[in-house]
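J.: My questions concern the predicted model and sequence given below.
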Amino acid sequence: MVNNLLLSIANISENMVKTLDEAMGKGYPILFNIIGVISIFLQFMIFQMENKRKIVFVGILSDIGWLSYFALQGDFISGTANIIGIMSKIVITLQGKYRWAESRLWNVFFVAFAAIFSMLTFKVWMDVFALMACTLSILAFFMKKENDIRKVALFAYCAFACNSISKGYIVALIADITALISCIIALIRYKNEDVG
C-alpha cells in the first residue's frame, strides 16, 4: 500500500513536471532556478540570524523555497527533507507556548519519520545523502543554543552537498556551499555568544 502511494506520488510529480514544462517551455527551468536563487539567499541568512527564533523562522522560509524548487523538478525525495523540516520547525516555534511542543519525543518522531519516509522512497543508493542531511538538519534545529545549531548544520550541509552532487543540482549545490560558508562565518561572528 505504501509503495503504491509512493508510486502515485512519483507519477503525479512526473506528470506535473511534464505539464509545466510543456506549458512554460524555456521559462520552466528559469522559474525553478529563480526560486533556487531566492532560496540560496534565505539559506545564507538562516545562520546569520542572532537568535534561535529568527534562525527557525528564516529556516521555514528557506525550506518552503527548496520544497518548491525540488517539487518543480519532480524530486520529492529531496523535498522530503524540506517537508519534514517545515513541520519540525513549526513545532519548535510553538515551544514555550504549548507544553506538548516541549517534549523531546518530537525530535525522535521527526528523525524517525524522516528515516522511514526516506528509506521508502529510495531510488538509488546515493539517496542516503538526502536521509543523512534531513536527519542532521532536524537534529540541528532542535539544539537549544544557536552555535550548536550552526555546528550540527555544518555536517547536515555537507550531506546536502553530496546529495546535490549526486543528483546534478547545480543551484542546490551552490546553496549548500553557501550555507556551509554561512555557518562558518556565523560561528566566527558569534563565537562567544549563545543568546538562547
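T.: Received, thanks.
J.: How much space separates residue 18 from residue 58?
T.: 33 Å (CB to CB, to the nearest Å). Bear in mind the C-beta positions are built from the backbone N, C-alpha and C, glycine included.
J.: Tell me which of these two has more neighbours.
T.: residue 58 (20 against 11; other CB atoms under 10 Å).
J.: I'd like to know how far the nearest residue in space to the more buried one that is not next to it in sequence sits from residue 31.
T.: Counting by CB to CB, 6 or more residues apart in numbering, residue 58 lies nearest to residue 46, which is 4.8 Å off, once chain neighbours are set aside. Counting by CB to CB, the separation of residue 46 from residue 31 is 23 Å.
J.: same check, this time on residue 185
T.: Taking CB to CB as the measure, residue 185 falls 30 Å from residue 31.
J.: Burial check on the closest residue to residue 94 other than its chain neighbours, number of neighbours?
T.: Counting by CB to CB, 6+ apart, residue 94 lies nearest to residue 101, which is 3.9 Å off, once chain neighbours are set aside. Per other CB under 10 Å, the neighbour tally for residue 101 reads 14.
J.: wait, doesn't residue 101 sit right on residue 91?
T.: Yes - with contact defined as CB atoms under 8 Å, residue 101 counts as touching residue 91 (5.3 Å).
J.: Report the separation between the most centrally placed residue in the chain and residue 168.
T.: In the chain, the centroid-proximal residue (CA atoms, centre = their mean) is residue 82; its distance is 3.8 Å. Distance of residue 82 to residue 168, given as CB to CB: 18 Å.
J.: quick revisit: in contact with the residue nearest to residue 94, which residues are there?
T.: Residue 101 sits next to 91, 92, 94, 95 when contact means CB atoms under 8 Å, 6 or more residues apart in numbering.
J.: run the last query once more with 6 Å
T.: 91, 94, 95 (CB atoms under 6 Å, 6 or more residues apart in numbering).
J.: May I ask which of those has the most neighbours?
T.: Neighbour max across those (other CB under 10 Å) = residue 91, 20 neighbours.
J.: other SSEs contacting the helix or strand where that residue lies?
T.: Using DSSP states H and E, residue 91 sits within helix 76-94. Applying 3 or more CB pairs under 6 Å, 6 or more residues apart in numbering; DSSP states H and E, one finds that helix 76-94 makes contact with helix 52-71, helix 105-120, helix 128-141.
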